[in-house]
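>>> Kindly return the folded structure for what I paste below:
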Amino acid sequence: MEADLVVRARVIEPPTTRVIRYDLPVWDESGSIVGSAVSQVLFSDTVFEVLETYMGKSSSKITVMQTGGFDQNISRGVEEIPDDPLYKLGEEYILFLVNISGDPIHAPEHELYRIINPFGRYRIDNEKAVSYGQSANSVILPTDIAELEAQIAQAIRENDK
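Just a heads-up that it's a prediction; the model follows:
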């Protein structure tokens with residue numbers, strides 16, 4: 001399994017947006033660098049309360065990063081990726097996470113996670129598990145919590161062999 005941590009968690013603080021600025025080179029037609037341009041990318045960090053840990057070790061609260069957010073100085077509205085919409089306060093998820101703590105850009109001095117990909121996020125709606133990933137190869141995704149939890153347990157057992 002690619003994830004460092006698999007949890008069931010609830011959003012307890014709404015996303016906090018931060019702006020990362022990158023200096024990018026600008027080339028002319030001959031391929032020579034003639035200057036630079038600043039690119040600004042929005043990232044949001046959301047605090048979750050961990051309700052259950054399926055794999056890995058976590059504290060009672062974790063912060064999960066995602067691309068997108070809102071900054072009135074950069075955009076007129078919320079920017080988000082269709083397969084990874086911003087988390088909402090009170091929503092509950094099963095998340096497959098990668099630990100990016102210590103990342104020099106996003107988490108140089110604190111603990112931070114991100115989902116492994118859009119298929120690493122399931123919103124819990126009653127007893128249903130709603131995936132945000134777009135299946136391009138007819139993969140049948142679990143649709144209820146019990147089925148998803150059974151697949152997680154099987155993957156962990158196979159990984160431990």
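>>> can you pull out the strands in this structure?
Taking DSSP state E as the test, the strands found in the chain are 5-27, 33-55, 61-69, 79-80, 92-99, 113-115, 121-125, 128-131.
>>> Flag every buried residue along the first one.
Of the residues in strand 5-27, those buried by neighbour count under the rule 16 or more other C-beta atoms under 10 Å are 5-9, 11, 15, 17. Quick note: C-beta positions are derived from backbone N, CA and C, even for glycine.
>>> same thing with the last one?
Neighbour counts using 16+ other C-beta under 10 Å place 129, 131 of strand 128-131 among the buried residues.
>>> is the nearest residue to residue 94 once chain neighbours are set aside in a bridge, and if so with what?
Among residues not flanking residue 94 along the chain, residue 122 sits closest, at 4.5 Å (C-beta to C-beta, 6 or more residues apart in numbering). For residue 122, the beta-bridge partners under DSSP bridges are residue 94, residue 131.
>>> Any figure for the gap between residue 94 and residue 39?
Counting by C-beta to C-beta, to the nearest Å, the gap between residue 94 and residue 39 amounts to 33 Å.
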